[in-house]
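> I need the structure of the sequence given here:
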Amino acid sequence: MPVLVYIRRSKEFDKAVLNFARHELNAEDILTISEYFNGDYRIDMNDSTLDDSPKAEAFIKTNLSLDKIIFRDRVLRNTPLKDCLILIRRATAGLLDIFEKNAFESLVIYPVDNYIMDIMVQVARSYGVKVYGVSNFFISNYKRITTYGEHNQIREPSPNEVGEVVETLKGRFRSHMAPKRSKALKAAIFRYFKYKARFLLFYLVGAKLLGRKEYDLLATPYNTSVREFLNFFVERHFKKLSEVEFLQNSIFIPLHYFPEATIEYWSNDTKMVEFEDMIRCKVAELSSRYDQIILKEHPATVYDNNNHFYTSLLKNPKVVFIDPFIATSEILTSANIIGCWTGTIGIEALVNGKQVEFFSEGQYYLNSKETHPEIYEVDGELVSIKEPHIFVREILKGSIKIANS
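Take a look at the predicted model:
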């Protein structure tokens, strides 16, 4: 039977899922599915005859949680409920038709907060189709295998591999997902002009004027992007590492990439959906316990937030924004306590002997708490580990090593 691969309009995502199907599943017969016109099968999100599909409604009632479907998607969270129900029925009806008429050995997807993919996964599983999610990993040449952020043990890494990763993280490590300033600036300039064009063509013309329902069109206002020209001047709010004196009672918090599946999609916590609100509330709460709160913007999204975002946080005298283009490994030499939601800074910090305060649940890399509780030390809100090799080994069980990231 063929392997079905969910593709989008992203070369990076499509390359990841197609390579996994070819090289990891050794699939010879690969078919693609998309809500656009680029796949072998198309989910027609503009087919209004599916709006009141009894078959879709029955499946939704029996198999889906509308609350979770809507919560996990940035478009649906910003859409009136009546319109959400129509979009969900269209996607469900279209997918049921495809899976009823065709047999597939497995489905390969790239985990994102996309309600069409979410429904596709659940429809596929209802037909007994095995689902593989291929996600980027912060260490190059690795991919995580997960659908909803869960930890899946799929292999046993060798001691040498574990040792190499531990040494990498303990050295002058810089993730391939953390660009340096010149690269980040070029990417931001490109995103700025791309957003202006897409907002006009995709959203105003495509979604609003023509009423098209393809996901990329509806998601345009909610995607990560540089929306204001003045965002290119936010670096004045950041201090160099040499200008920051780390106080004894301080906490270092790298901000995450927003919107991102690892927070909104994987944490399954409603309070995590609104990024700015979440940050402000957390900083206010931490101010009662720490003398200094050092924030570091994600280097890939430095120019996405506007000046008001930074100035509002800096009104708190305990808040410092540090240069986002400094490698996190350099900052870890001065910081002892790290704040973290579900991001991989938790891995980096724990391997380097730091204490971590987790602000949410859902960290896949803490799965070893159940299998190896003896390696963990808990001091109130703070977590640390005694044996990084066991910790890293358990994480690598849920990943694959590839030739090129």
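
> ok, which stretches of the stretch 51-200 of the chain are helices?
Assignment of helices within the stretch 51-200 of the chain using DSSP state H, counting those that start in this stretch yields the ranges 54-63, 66-71, 74-77, 81-101, 115-126, 159-170, 181-198.

> can you give me how far the longest one is from the chain middle?
This points to helix 81-101. 24 Å (C-alpha atoms, centre = their mean, to the nearest Å).

> Now do the buried residues in that helix.
84-99 (16 or more other C-beta atoms under 10 Å). The way it works is simple: take the backbone N, C-alpha and C, and place the C-beta from them, glycine included.

> Mind checking the pLDDT average for it?
The average pLDDT within helix 81-101 is 97.

> what about the chain, any weak spots by pLDDT?
For the chain, the stretches flagged by pLDDT under 70 are 258-268, 270, 404-405.

> Among the helices of the stretch 51-200 of the chain, which comes closest to residue 382?
Smallest distance to residue 382 across those (C-beta to C-beta): 19.5 Å, for helix 159-170.

> any residues touching the closest one, and which ones?
139, 347, 348, 351, 352, 388, 389, 392, 393, 396, 401 (C-beta atoms under 8 Å, 6 or more residues apart in numbering).

> got a list of what the first one touches?
Yep, that's residue 139 we're talking about. Residue 139 neighbours (C-beta under 8 Å, 6+ apart): 165, 168, 169, 175, 176.

> Buried ones only from those residues, please, as a ChimeraX command.
This is the ChimeraX syntax for the buried subset of the contacts of residue 139, where burial follows 16+ other C-beta under 10 Å:
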select :165,169,175
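
> tilt between the longest strand seen in the chain and helix 115-126?
Longest strand of the chain, by residue count under DSSP state E: strand 130-136. Put simply, strand 130-136 runs at 140 degrees to helix 115-126, going by axes from the mean of the first three to the mean of the last three C-alpha atoms, to 10 degrees.

> please renumber so the chain begins at 535
Okay, using 535 as the starting number, the last item reads as strand 664-670.

> Parallel or antiparallel, which strands does strand 664-670 pair with?
strand 640-643 (parallel), strand 676-679 (antiparallel) (DSSP bridges).

> So which of these is nearest residue 918?
Per C-beta to C-beta, nearest to residue 918 of the strands paired with strand 664-670: strand 676-679, 23.4 Å.

> now that closest one, how far from the centre of its chain.
13 Å.
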